[in-house]
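Student: Just a sequence and a predicted model for now, questions to come.
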Amino acid sequence: MKVFGDDTPTLKLIDCALRVFVIPLSVASIWLTVTNQQDNSLYGKLESSNLIGLEYMVCISAISAGYALAAAVSSWVKYLATKTWVFFVSDQVMAYLMLTSGAAVTEIMYLAYNGDITVTWSEACSSYGRFCSRLKLILAFHAIAICCFFLLAVLSAYRVFSRFEPPLVPSKEVEEERT
């Protein structure tokens, strides 16, 4: 029994809403990251462009926002909406890219708060508190966007695989005949 089918307006609406919801989250992450900087009289100026992981997150967020917009629009075009495999693969790729960029930002935040004693890198958040606070907000927006892409990946997988019948499980009698 199918709860949602490909032509169900509810599933299509949830799919489109998640895609549209990702756009402002990604744009906010980008804007907060690009404008995140703090000057310290002892250590100098810290900018997001000094950290390659943040630049990677900005690039992936821009790609995800563009993809989410294109996918939201194309999901309403009948010819493209029937290409469920395209959405399935691209949603999976975007979910993993978002996850890797989120991991990079998480590592930067961890190091900023805790440092790394083995390489004599002290924590930086005591000197750059505002930068670190914005980094938390950036990570929160990015994490919500990751969750949206995870849900989109699950929805697109459902759309693809619900078209097929489940595999038949052989009965015990058939198993006994084989042995």
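Tutor: On my side now, so go ahead. Quick caveat, the model's predicted, so the values are computed rather than measured.
Student: So which elements touch the helix or strand hosting residue 102?
Tutor: Taking DSSP states H and E as the definition, residue 102 sits inside helix 84-114. In terms of contacts (3 or more CB pairs under 8 Å, 6 or more residues apart in numbering; DSSP states H and E), helix 84-114 is packed against helix 52-74, helix 129-161. Quick note: C-beta positions are derived from backbone N, CA and C, even for glycine.
Student: Would you convert these into CSV that also reports mean neighbour count and mean pLDDT?
Tutor: Converted to CSV, those look like this (neighbours: other CB atoms under 10 Å; pLDDT from 0 to 100):
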stretch, mean neighbour count, mean pLDDT
helix 52-74, 18, 94
helix 129-161, 18, 93
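Student: Distance to residue 111 added to those helices, as TSV?
Tutor: Conversion of those to TSV gives the following (distance: least, CB to CB, whole Å):
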stretch	distance to residue 111
helix 52-74	10
helix 129-161	11
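Student: Residue 28 is nearest to which of those helices?
Tutor: Nearest to residue 28, of all these, is helix 129-161, at 5.1 Å by CB to CB.
Student: who does the closest one touch, helix- and strand-wise?
Tutor: With 3+ CB pairs under 8 Å, 6+ apart as the test, helix 129-161 has helix 9-34, strand 37-40, helix 52-74, helix 84-114 packed against it.
Student: tell me, which of those is the model least confident about?
Tutor: Of all the helices and strands packed on helix 129-161, strand 37-40 carries the lowest average pLDDT, namely a mean of 88.
Student: Report the buried residues of that one.
Tutor: Burial within strand 37-40, assessed by neighbour count using 16 or more other CB atoms under 10 Å, is assigned to residue 38.
Student: what does it rub up against?
Tutor: By CB atoms under 8 Å, 6 or more residues apart in numbering, the surrounding residues in contact with strand 37-40 are 45, 46, 47, 48, 127, 128, 129, 130, 131.
Student: Assess the claim that residue 54 and residue 33 are in contact.
Tutor: Yes: here residue 54 reaches residue 33: they are 5.4 Å apart, a contact under CB atoms under 8 Å.
Student: Show me the common contact partners of the two, please.
Tutor: When contacts are counted by CB under 8 Å, 6+ apart, residue 54 and residue 33 have residue 48 as shared neighbours.
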